[in-house]
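**Student:** give me a model of this one.
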Amino acid sequence: MSQILVVDDEIGIRELLSEILADEGHTVQLAENAMCARALRDSERPDLVLLDIWMPDTDGITLLKEWAANGQLTMPVVMMSGHGTIETAVEATRIGAIDFLEKPIALQKLLATVKRALRSEGGQAQAGLTLLSLGRSGAIADLRKRLAQIAALPVPVLLRGEAGVMPELFARYLHQPNTPWVAAQAALAGAPQELLAQAAGGLIFVEELAALNRLQQKNLAYVIARQEKAKTRVVSFSAEEPARLGSVFDFDAGLLARLSELLLVLPPLREHAEDIPDIASILLAQLVEAKRCPQRHFSTAALNALRQFRWPRNLEDLQNAVTNLALTALEEEIGVVEVERVAAQYHPATSVQVALPHDLPLREARDAFERAYFEQLLARERGSIARVAEKSGLERTHLYRKLKALGITPGRKEE
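**Tutor:** The predicted structure follows:
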């Protein structure tokens, strides 16, 4: 049978659930708080987690967010609470939980939920990145807030951005849990009535407006006209400027206006480059977790090097590069040489053009320039503090203090 981790601070509930699940033939691990849950999740790799929301050290929602952001939500999670609200349940399922049990938990409800959860496809990490894993920069945090603010609104949303920004991650954030999700690019070639029926109560996602022919546009207009009655939301994306959509791709101007009732611009990766080390580490951890590659980790200098590249196709390029590195690196620690080897395939120029921050006060502008300067130098000198000190003309102790002040963690010297 399956291995189930029960996380609850009440010993009586832990023991009761353990007894019931063990009688069903499952192996049960028990955790009284988030700290124990983290350790057991990493060591035992459970097939299912029953996670209480209200716990004294770290609440269940926070722990669920942590697993989702770190690429560790590789198992189905069912939330439990005696004080649950609809808002809490919706938040948990948006983060990645697949169900919600209200205490006191009825026996048949518990067994049916566990059975259904074990038959599910598991957690989000198997599908790659989520919006929660895109980092902590101001640009991404603000966009998450805006998306959460409009999530319940029924009007169409147009997402705009450069190629490779992975618009589906943002559209998924607008998707209400336990409702249909329909990728409409191919479906728009068929009968629009069938598409509406399939997506009733859910969300229709159009991946690229520029790819739609006139028939698909006509069908999309039919859907838009009836989306309110079907309680269906349409979220679309385009990497093309609105003017080019009409002049080059023959896109109907009236339809574009209706799709653009709410328009959000998705930031290119270079505008939140500070998130690149976290995103790359999460992508690599997911590959290791899924056993698609041997144990791997990035050196600090390698992460700094990844941050310096201007990825032409944004997140798509970064994800492909990390996968390449995971599968082809020769050592457990992935260093700068490996990063330069792979990243050069996506952009031949490895040097960084630092944009001067003219809109900042002098001190902040100087710090921004120095941070970019030292990160580039560390990457080019493969993390060697001795060579960076020599190139920059700084005494080594002074250099360490400077890096610490700028928030840069130097990696070990790579020969």
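**Student:** what's the separation between the closest residue to Ala189 other than its chain neighbours and Ala187?
**Tutor:** Leaving out its chain neighbours, the residue that sits closest to Ala189 by Cβ to Cβ, 6 or more residues apart in numbering is Gln216, at 6.0 Å. In this view, the C-beta of every residue, glycine as well, is placed from N, C-alpha and C. Plainly put, Gln216 is 9 Å away from Ala187 if you go by Cβ to Cβ, to the nearest Å.
**Student:** what do you get for Gln308?
**Tutor:** From Gln308 to Ala187 the distance is 41 Å (Cβ to Cβ).
**Student:** now whichever strand or helix holds Glu316, how far from the chain's geometric center?
**Tutor:** Secondary structure assigned from DSSP states H and E places Glu316 in helix 314-328. Distance, stretch centre to chain centre, for helix 314-328: 15 Å (Cα atoms, centre = their mean, to the nearest Å).
**Student:** could you do stretch 292-312 as well?
**Tutor:** Counting by Cα atoms, centre = their mean, stretch 292-312 comes out at 17 Å from the chain centroid.
**Student:** please apply the same query to stretch 181-192.
**Tutor:** 25 Å.
**Student:** same question for it, mean pLDDT?
**Tutor:** For stretch 181-192, mean pLDDT rounds to 91.
**Student:** quick one: the strands in the stretch 101-250 of the chain?
**Tutor:** 157-160, 181-183, 203-206, 233-238 (DSSP state E, counting those that start in this stretch).
**Student:** so which elements touch the first one?
**Tutor:** Pointing back at strand 157-160 there. Secondary-structure packing of strand 157-160 (3 or more Cβ pairs under 8 Å, 6 or more residues apart in numbering; DSSP states H and E): helix 167-173, strand 233-238, strand 262-265.
**Student:** 6 Å instead, please
**Tutor:** Secondary-structure packing of strand 157-160 (3 or more Cβ pairs under 6 Å, 6 or more residues apart in numbering; DSSP states H and E): strand 233-238, strand 262-265.
**Student:** these: which one's closest to Leu30?
**Tutor:** strand 233-238 (40.9 Å; Cβ to Cβ).
**Student:** buried set for the closest one?
**Tutor:** 233-238 (16 or more other Cβ atoms under 10 Å).
**Student:** now swap in stretch 144-152 and tell me
**Tutor:** In stretch 144-152, counting by 16+ other Cβ under 10 Å, buried: Leu147.
**Student:** ranges for the helices of the stretch 1-150 of the chain?
**Tutor:** 11-23, 34-44, 60-69, 86-95, 107-119, 138-150 (DSSP state H, counting those that start in this stretch).
**Student:** and the ones you listed, which one is worst for confidence?
**Tutor:** For these, where the average pLDDT is lowest is helix 86-95, sitting at a mean of 79.
**Student:** show me this protein divided up by domain.
**Tutor:** Here the domain assignment for the chain is 3-127, 146-265, 270-343, based on automatic domain parsing.
**Student:** wait, which of the ones you listed is closest to Arg401?
**Tutor:** Nearest of the domains of the chain (Cβ to Cβ): domain 270-343, 17.3 Å.
**Student:** compute the first-to-last residue distance for that closest one.
**Tutor:** 15 Å (Cα to Cα, to the nearest Å).
**Student:** stretch 230-241 too?
**Tutor:** 30 Å.
**Student:** pull the residues that contact it.
**Tutor:** Residues outside stretch 230-241 that contact it (Cβ atoms under 6 Å, 6 or more residues apart in numbering): 156-159, 162-163, 167, 171, 174, 196, 199-201, 203-206, 209-210, 227, 259.
**Student:** any chance of JSON lines for the strands of the stretch 101-250 of the chain, columns distance to Met79?
**Tutor:** Putting the strands of the stretch 101-250 of the chain into JSON lines (distance: least, Cβ to Cβ, whole Å) gives the following:
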{"stretch": "strand 157-160", "distance to Met79": "28"}
{"stretch": "strand 181-183", "distance to Met79": "21"}
{"stretch": "strand 203-206", "distance to Met79": "22"}
{"stretch": "strand 233-238", "distance to Met79": "25"}
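**Student:** how about the most centrally placed residue in the chain, phi and psi?
**Tutor:** Nearest to the geometric centre of the chain sits Thr130, at 2.2 Å (Cα atoms, centre = their mean). Note on Thr130: its backbone torsions stand at phi -130, psi 170 [degrees, to the nearest 10].
**Student:** numbering from 474 from now on, please.
**Tutor:** Got it, first residue is 474 now, which makes that one Thr603.
**Student:** what residues sit buried inside stretch 743-753?
**Tutor:** 745-753.
**Student:** I meant to write stretch 710-728 there.
**Tutor:** Buried residues in stretch 710-728, counted by 16+ other Cβ under 10 Å: 710-713, 715, 718, 722, 724-725, 728.
**Student:** output the contacting helices and strands for the longest helix anywhere in the chain.
**Tutor:** Determined from DSSP state H, the single longest helix within the chain is helix 835-853. Judged by 3+ Cβ pairs under 6 Å, 6+ apart, helix 835-853 is in contact with helix 773-781, helix 858-865.
**Student:** which residues of the stretch 674-823 of the chain score low on pLDDT?
**Tutor:** Scanning the stretch 674-823 of the chain for pLDDT under 70 picks out 820-823.
**Student:** the same query, at a cut-off of 90, please.
**Tutor:** Within the stretch 674-823 of the chain, the segments meeting pLDDT under 90 span 701, 715-716, 721, 758-765, 781-783, 785, 816-823.
**Student:** returning to that earlier point: looking at the helices of the stretch 474-623 of the chain, which is buried most?
**Tutor:** Among the helices of the stretch 474-623 of the chain, the stretch with the highest mean neighbour count (mean count of other Cβ atoms under 10 Å) is helix 533-542, at a mean of 21.
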